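In: Model the structure of this input:
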Amino acid sequence: MLINWFYKSSFAFRPDTGKTFLDCPNNIENYLIAFQKNSNSIKNELPVTHSSICYLLNELDKKMNFESEFPHVDKRIFENMRSLLRSEGTEEKLNFDRSFEEIKEKLNI
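Out: Numbering: from 1, shown residues only. Here you go, the predicted structure:
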């Protein structure tokens, strides 16, 4: 979902013209709260995927500034996200192959 948003092939958290933010298929506020709450578990179980999520959130925020893009969301959620991303580091670039392999291993595929 984030990778599609990053490459502008879909906008999972933005409404189409004429729709409200509540009409979006996914709620950015709930997504970020859930990620922050479960970050350690994700990092322990899927470290490459966790790193990719952190990288994508950081890059998307730099490109569009989440407060400007989502003025209806409490800015503390974005501040907490940035604090988490700073503590995790976001220097590692995306590695699709490693991320897919990691997930396949966990699923025994």
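
In: Just the terminal-to-terminal distance for stretch 56-74.
Out: From its first residue to its last, stretch 56-74 covers 21 Å (CA to CA, to the nearest Å).

In: What residues of the helix or strand hosting Lys62 count as buried?
Out: Assigning secondary structure by DSSP states H and E places Lys62 in helix 47-64. Within helix 47-64, the residues scored as buried using 16 or more other CB atoms under 10 Å are 48-58, 60-61. Heads up, the C-betas are built off the backbone N, CA and C, glycines and all.

In: How about residues contacting stretch 101-109?
Out: Glu45, Leu46, Pro47, Val48, Thr49 (CB atoms under 8 Å, 6 or more residues apart in numbering).

In: What average pLDDT does that stretch get?
Out: What stretch 101-109 shows for mean pLDDT is 78.

In: try stretch 36-46
Out: 92.

In: Then stretch 76-92?
Out: Mean predicted lDDT for stretch 76-92 stands at 84.

In: List the buried residues for it?
Out: Within stretch 76-92, the residues that count as buried by 16+ other CB under 10 Å are Ile77, Phe78, Met81, Leu85, Glu88, Thr90.
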